[in-house]
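Enquirer: here is my input, please return the structure:
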Amino acid sequence: MIHRLIICSLTCLLLTACQSNDGGYEFAIMPAWNHQMNGLQHYSLANGNNIWVQKGAIVTADDIKKATYTQDNLGEPAVMITLDAAGSARMSRFTSGHLNQPLAVFVDDQLLSAPMVMS
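Expert: Take a look at the predicted model:
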C-alpha cells in the first residue's frame with residue numbers, strides 16, 4: 001500500500017528536500033506528541049500549540065519514491081509524497097497507533113510542519 005502525505009508549509013523547500021538525496025537538504029518525519037513526555041525535545045508552534053518530538057526518523061528522503069507539488073483542500077500550496085515499500089510500511093505501523101497525535105516534519109533540522117494523524 002502506498003501512503004501519501006500532504007504537507008502544507010514552505011512548499012518549495014520541502015519539495016526540493018524530498019527530491020534531493022545529495023542536494024544538501026535533510027528531510028525527516030519524526031514521531032511527535034501533543035503532550036509532554038520525558039526525554040523528548042519540546043517545540044512551540046506558530047499557532048500556539050506545543051509538541052514533543054522523539055529523535056529518530058520514521059522516514060527520510062531515502063524512503064521517498066516521488067514528490068510532487070499540489071494544493072491542499074483549502075487551495076494552499078502543498079507537497080504530496082509517495083513512499084517506497086519500506087517507508088510506507090514504517091509509516092503505516094507508526095501512524096496506526098498514533099491517531100490524533102502530530103508528526104514532526106523537518107528539513108535541515110528545522111521543524112516545518114506538524115500535521116495531525118487522522119483516521
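Enquirer: pLDDT below threshold where in the protein?
Expert: For the chain, applying pLDDT under 70 flags the ranges 1-24.
Enquirer: where exactly do the strands run in it?
Expert: 4-7, 27-33, 41-44, 50-53, 59-60, 64-71, 77-83, 103-107, 110-113 (DSSP state E).
Enquirer: out of those, nearest to Gly97?
Expert: For the strands of the chain, the distance to Gly97 is smallest for strand 27-33, at 10.4 Å, taking Cβ to Cβ. Where C-beta positions appear, they are placed from N, C-alpha and C, glycine not excepted.
Enquirer: what is the closest one packed up against?
Expert: helix 11-19, strand 50-53, strand 59-60, strand 103-107 (3 or more Cβ pairs under 8 Å, 6 or more residues apart in numbering; DSSP states H and E).
Enquirer: let me know the outermost residue of the chain.
Expert: In the chain, counting by Cα atoms, centre = their mean, Asn38 sits farthest out from the average C-alpha position, at 21.8 Å.
Enquirer: mean neighbour count and distance to Ala89 added to the strands of the chain, as a markdown table?
Expert: Formatted as a markdown table, the strands of the chain follow (neighbours: other Cβ atoms under 10 Å; distance: least, Cβ to Cβ, whole Å):
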| stretch | mean neighbour count | distance to Ala89 |
| --- | --- | --- |
| strand 4-7 | 17 | 14 |
| strand 27-33 | 21 | 14 |
| strand 41-44 | 12 | 26 |
| strand 50-53 | 18 | 22 |
| strand 59-60 | 20 | 10 |
| strand 64-71 | 15 | 13 |
| strand 77-83 | 21 | 9 |
| strand 103-107 | 22 | 16 |
| strand 110-113 | 17 | 22 |
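Enquirer: quick one, which of those gets closest to Arg90.
Expert: Comparing these by Cβ to Cβ, strand 59-60 comes nearest, at 6.2 Å.
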